[in-house]
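Q: After the sequence you'll find the predicted model.
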Amino acid sequence: MSNSQLMHDIAGFTRDPLSFVRYIYPWGEGELTDSQGPRKWQGEFLKLVGDHLEEPSTQFQPLQVSIASGHGIGKSALVGMFTHWAMSTCEDCRVVITANSDPQLRTKTWPEVSKWFRLGINSNWFTVNAESITIKQDKHAPIWRTDRLTWSTNNPQAFAGLHNKGKRIVVIFDEASEIDDVIWEVTQGALTDENTEIIWLAFGNPTQNTGRFRECFGKYKHRWKNVQIDSRTVEGTNKTEIEHWIKDYGEDSDFVRVRVRGEFPRAGSNQFIPSDIVARARATIIEGSLHLPKLLSVDVARFGDDQTVIGLRQGRRFKILRKYRGLDTVETTRFVIDHIEQEKPDAIIVDGDGLGAGVIDNLNHRGFKEIVFEFHGGEGAQDSEMYFNRRAEVWGLARNWLKAGAEIPDDPELESDLTGPQYGFSAKQQIQLEKKEDMKKRGLASPDCGDCLAMTFDVKVAVSSQAEVEERIRHKMSQVEPSEKMLHYHRILAEEKAKNPKLLPIKRKHWRFAR
């Protein structure tokens, strides 16, 4: 086909993106062997845009479409096809694409956009670069372009210059739930050109129950055309994995609502432990916990890229003793015993699922049975009204501990682990923590360090009243200026002895352990 004929054909699709997509790609061949055209929902979306542009009364009115969906429906593919249509059918068209994060934009969205430009039979029209796609005409290249633009709250004005009067401008937000409100506001204010085709698309899994993406379906729904897509209704999605999710989390859980049904969660935010309290704990120094019981925990690696983490919590202080990779259960047991001999803990909590069972057996065989406790995250929570299972419960206790003021290592890996897991609510309104496997699918590592801390809350330590008194004395003394310690010590001690005449030195035998 001659280039003039190709240009003539494509010009006929200026207001018909669906026909363009059906025409421009080699469906049923090569990389598209298993596809005979766009998916049903993609076709419906493309027709929606076409109908808007064909109608004279709406052509130059901004079209704002928000699409909330489950996973795997082909959002990035649609972004690629739509961008290709916009650039191919309007001279000096300008497209800006952003996403929730630079890695998402750079490694997922942009490669998919580039792919669809490459697959089109007019691929020779464009130059595809790492951060832009431009027309191969020197005079037009600076203004006829698609740009990959990472957003920043420190520079929202990068989205303020989105003007292209008399032409076409397309703004695409991918994973829009996590794009800051200020970027939405600046973008909204920029899209004001008259006699211009303005299209603003917001795609995403509805992970947040607050923010501007959520408001597209709420107080601003009169401005947006809303689409919600259930992954189960889309051809080509992994139905087996979806069924596993439903079995693991429950049909009406927030996890399934967000990742399958394309519905917003009940929770206001899905980050279980807020970043600010973890950052504060990294910078906190706690005094006066040295006499309290020691709880040693062992999160045993179950997969090749996971790590075994050994940690110790004593009162309001937690430290990581060692991190190991690639050890069998015998080697792991040996290292644990080394730390037992060094720290002399009063209780040892070991993840009893997977390879951890072997470590527990070895420790019991070596004579530590009286102080070894098995942790099973899948078992029922003690507070079953609040928590879905025991893992969610101990993470909840760890969160409360951090909020109350605690000291953790100044370790970015631990911070990442503690702030990484998301949560939702089960059908019974129980707090339900995201599984490790699903965190990995989001590109996060297994939160081994975080689990190590959380497991220390599987065992409740009842300190004798004697020890509590000693702790109060130490705490009161820590509040006194050094020059006045002698003056206040006798007064504080006298007050406590008046309440507790039999005040004695702390003895570990007074500590009791319970589940």
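A: On my side now, so go ahead.

Q: low-confidence ranges in the stretch 401-515 of the chain?
A: Applying pLDDT under 70 to the stretch 401-515 of the chain flags the ranges 443, 461-470, 472, 496-515.

Q: go with 50
A: 464, 502-514 (pLDDT under 50).

Q: could you pull out the strands for it?
A: Defined through DSSP state E, counting those that start in this stretch, the strands belonging to the stretch 401-515 of the chain, from first to last, are 423-425, 431-433, 460-462, 512-514.

Q: now swap in the stretch 151-300 of the chain and tell me
A: Using DSSP E, counting those that start in this stretch, the strands of the stretch 151-300 of the chain run over residues 168-174, 197-204, 225-229, 294-299.

Q: Can you add mean neighbour count, distance to E263 and mean pLDDT and give the ones you listed back as TSV?
A: From N, CA and C alone the C-beta is placed, and that goes for glycine too. Listed next are the strands of the stretch 151-300 of the chain as TSV, based on neighbours: other Cβ atoms under 10 Å; distance: least, Cβ to Cβ, whole Å; pLDDT from 0 to 100:
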stretch	mean neighbour count	distance to E263	mean pLDDT
strand 168-174	24	19	96
strand 197-204	23	12	96
strand 225-229	17	7	93
strand 294-299	26	33	94
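
Q: pretty sure G120 is in contact with W85, am I right?
A: No. Assessed by Cβ atoms under 8 Å, G120 is found out of contact with W85, at 9.3 Å.

Q: Provide the backbone phi and psi angles at Q61.
A: Q61 has phi and psi values of phi -100, psi 140 when expressed as degrees, to the nearest 10.

Q: Give the burial count for it, as a bare number.
A: 11 (other Cβ atoms under 10 Å).

Q: about what we covered before: shared neighbours, G120 and W85?
A: With contacts taken as Cβ atoms under 8 Å, 6 or more residues apart in numbering, the residues that reach both G120 and W85 are I24.

Q: Now distance to T134 too, for the strands of the stretch 151-300 of the chain, in a markdown table please.
A: Putting the strands of the stretch 151-300 of the chain into a markdown table (distance: least, Cβ to Cβ, whole Å) gives the following:
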| stretch | distance to T134 |
| --- | --- |
| strand 168-174 | 15 |
| strand 197-204 | 19 |
| strand 225-229 | 30 |
| strand 294-299 | 50 |
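
Q: Q271 is nearest to which of those strands?
A: With distances scored as Cβ to Cβ, the stretch of the strands of the stretch 151-300 of the chain nearest to Q271 is strand 197-204 (16.1 Å).

Q: quick one, the closest one and strand 168-174 angle?
A: Strand 197-204 runs at 10 degrees relative to strand 168-174, counting by axes from the mean of the first three to the mean of the last three Cα atoms, to 10 degrees.

Q: Tell me how far strand 197-204 lies from the chain's centre.
A: Its chain's average C-alpha position is 24 Å from that of strand 197-204, according to Cα atoms, centre = their mean, to the nearest Å.

Q: let's have the chain start at 632 instead
A: That works, and once the first residue is 632, the last one we named lands at strand 828-835.

Q: Can you spell out which helices and strands pack onto that strand?
A: When contacts are defined as 3 or more Cβ pairs under 8 Å, 6 or more residues apart in numbering; DSSP states H and E, strand 828-835 sits against strand 694-700, helix 706-719, strand 799-805, helix 843-847.

Q: how about the ones you listed, which one is nearest G1081?
A: Shortest distance between G1081 and the helices and strands packed on strand 828-835, using Cβ to Cβ, is found for helix 843-847: 27.3 Å.

Q: separation between the residue nearest to R944 when sequence neighbours are not counted and F903?
A: If the residues on either side of it in the chain are set aside, R944 comes closest to T1087, at 4.1 Å by Cβ to Cβ, 6 or more residues apart in numbering. From T1087 over to F903 the distance is 17 Å, taken as Cβ to Cβ, to the nearest Å.

Q: F1004: which of the helices and strands packed on strand 828-835 is closest?
A: Within the helices and strands packed on strand 828-835, the stretch nearest F1004 is helix 843-847; the backing value is 41.8 Å (Cβ to Cβ).

Q: which residues touch that closest one?
A: Identification of contacts with helix 843-847 by Cβ under 8 Å, 6+ apart yields 695, 697, 699, 804, 807-808, 810, 812, 815-816, 833, 835, 837, 839, 851, 854-855, 857, 895.

Q: And the buried ones among those residues, selectable in ChimeraX?
A: Provided next is the ChimeraX selection string for whichever of these are buried by 16 or more other Cβ atoms under 10 Å:
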select :695,697,699,804,807,808,810,815,833,835,837,839,851,855,895
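
Q: Show the contacting residues for G668.
A: V652, R653, W658, G674.

Q: The second one against P669, yeah?
A: I take that to be R653. Yes. Counting by Cβ under 8 Å, R653 touches P669, with 7.4 Å between them.

Q: Pick out whichever of the two has more residues nearby.
A: P669 (21 against 16).

Q: Doesn't the more buried one belong to a strand?
A: No. P669 is assigned coil when assessed by DSSP: H, G, I helix; E, B strand; the rest coil, not a strand.

Q: for it, what are its contacts?
A: L649, V652, R653, L677, L709, M712.

Q: Looking at these, spot the one nearest M1070.
A: Relative to M1070, and with distances defined as Cβ to Cβ, the nearest of the contacts of P669 is L709, at 26.3 Å.

Q: Give me the below-cutoff pLDDT ranges for the protein.
A: Per-residue confidence for the chain (pLDDT under 50) gives these ranges: 1095, 1133-1145.

Q: Domain map for it?
A: Taking automatic domain parsing as the criterion, the chain consists of the domains 634-868, 906-1093, 1096-1145.

Q: Output these in TSV; the columns should cover distance to R888.
A: Formatted as TSV, the entries for the domains of the chain read as follows, by distance: least, Cβ to Cβ, whole Å:
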stretch	distance to R888
domain 634-868	8
domain 906-1093	7
domain 1096-1145	36
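
Q: Nearest to S884 among these would be which one?
A: Set against S884 and scored by Cβ to Cβ, those come closest in domain 906-1093, at 5.0 Å.

Q: Can you give the distance of that closest one from its chain's centre?
A: Shown here is domain 906-1093, whose average C-alpha point lies 20 Å from the average C-alpha point of the whole chain (Cα atoms, centre = their mean).

Q: What segments of the stretch 632-781 of the chain are strands?
A: 694-700, 725-730, 757-759, 763-766, 776-779.

Q: Return the list of helices and strands in contact with the fourth one.
A: Helices and strands in packing contact with strand 763-766 are listed as helix 706-719, helix 741-750, strand 757-759, strand 776-779; criterion 3+ Cβ pairs under 8 Å, 6+ apart.

Q: Check the ones you listed for me and report the most buried one.
A: Counting by mean count of other Cβ atoms under 10 Å, helix 706-719 has the highest mean neighbour count of the helices and strands packed on strand 763-766, with a mean of 24.

Q: which helices and strands does it pack with?
A: If you count contacts as 3+ Cβ pairs under 8 Å, 6+ apart, helix 706-719 packs onto helix 648-655, helix 671-685, strand 725-730, helix 741-750, strand 763-766, strand 799-805, strand 828-835.

Q: got the end-to-end distance for stretch 690-702?
A: Across its full length, stretch 690-702 reaches 32 Å end to end, with Cα to Cα, to the nearest Å as the criterion.

Q: Ok, stretch 902-917 next?
A: For stretch 902-917, the separation between the terminal residues is 26 Å (Cα to Cα).

Q: In that stretch, which of the residues would be classed as buried?
A: If you call a residue buried by 16+ other Cβ under 10 Å, then stretch 902-917 has these buried ones: F903, I904, I908, V909, A912, I917.

Q: Good, we can wrap up now.
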